[in-house]
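Colleague: Quick one, structure for this:
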Amino acid sequence: MAGLARRRFLAVGLGSAAILAAAGWWATRPGRPAEGLKALDADAAAFVAAIVPAVLAGTLPADADARTRAIRDTVAAFDRAVSGLTPAVQSELGQLFSLVGIAPARRLIAGVSRPWHEASVEEVDAFLSSWRTGRLDLMRAGYQALTQLVIAAWYGNPAAWAAIGYPGAPTLGEKPA
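Modeller: Numbers count the residues shown, from 1 in each chain. The predicted structure follows:
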């Protein structure tokens, strides 16, 4: 029995090493930003679009067209925020996006078997919850970075302000109400 457990441990270790090596190779490949975006490639944009409804649960519009537009606008704002980060932070986020974009790694570290554009909100929410409470600091830091960027992207959009009662910043020369 101990031999079987040892072989399983070695197989899991070798499989994990192979996934990490593939992720490292994938992360170093030059990626082109998706059309209309500055920093996110198509896979990263799909990942961000998948996490937006989970992070912003209850705040997105109920109407399907308005919801789709809100998610698209949030992804674009997320992209603008990432493009303004230091190259080192952009690289780290790129590595994260690459890692969760590889099917075996996505299944292993996120628990999501389908591509991000097909994942349900429940699957994405379970992934985010597992990273929020994960044992590894890296997972918790990834959760914080992703959710804070999504929230900032959403609430930086004037279309979201009415839902929270924010009238917008006063313009210069205008007296506050």
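Colleague: contacts, neighbours, all on C-alpha from now
Modeller: Will do.
Colleague: just for this protein, where's the confidence low?
Modeller: 1-31, 174, 176-177 (pLDDT under 70).
Colleague: what about the helices in it?
Modeller: 2-28, 42-55, 64-83, 87-101, 103-105, 121-132, 137-155, 158-161 (DSSP state H).
Colleague: wait, what's in contact with the residue nearest the centre of the chain?
Modeller: Within the chain, one residue has its C-alpha closest to the average C-alpha position: by C-alpha atoms, centre = their mean, that is residue 48, at 4.2 Å. Residues in contact with residue 48, defined by C-alpha atoms under 8 Å, 6 or more residues apart in numbering, are residue 75.
Colleague: again with the one 3 residues further on
Modeller: Residue 51 is in contact with 121, 124, 125, counting by C-alpha under 8 Å, 6+ apart.
Colleague: Any idea how many residues pack against the last one?
Modeller: By the measure other C-alpha atoms under 10 Å, the count of residues near residue 125 is 18.
Colleague: Check the second one too.
Modeller: Residue crowding around residue 124 was assessed by other C-alpha under 10 Å; the count is 22.
Colleague: Go ahead and confirm it touches residue 52.
Modeller: No. In this structure residue 124 lies outside contact range of residue 52 using C-alpha atoms under 8 Å: 9.4 Å.
Colleague: ok so, going back, make TSV from the helices of the chain and add distance to residue 169 to it.
Modeller: Listed next are those as TSV, based on distance: least, C-alpha to C-alpha, whole Å:
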stretch	distance to residue 169
helix 2-28	39
helix 42-55	25
helix 64-83	18
helix 87-101	29
helix 103-105	43
helix 121-132	32
helix 137-155	13
helix 158-161	10
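Colleague: any idea which of those is most buried?
Modeller: helix 42-55 (a mean of 22; mean count of other C-alpha atoms under 10 Å).
Colleague: quick one: which of the helices of the chain is nearest residue 36?
Modeller: For these, the distance to residue 36 is smallest for helix 64-83, at 8.2 Å, taking C-alpha to C-alpha.
Colleague: can you give me the angle that closest one makes with helix 87-101?
Modeller: 140 degrees (axes from the mean of the first three to the mean of the last three C-alpha atoms, to 10 degrees).
Colleague: Helix 64-83 versus helix 42-55: what angle between them?
Modeller: Using the same axes, to 10 degrees: helix 64-83 against helix 42-55 is 120 degrees.
Colleague: Other residues contacting helix 64-83?
Modeller: Contacts of helix 64-83 (C-alpha under 8 Å, 6+ apart): 37-40, 45, 48-49, 52-53, 60-61, 90, 149-150, 152-154, 156-157.
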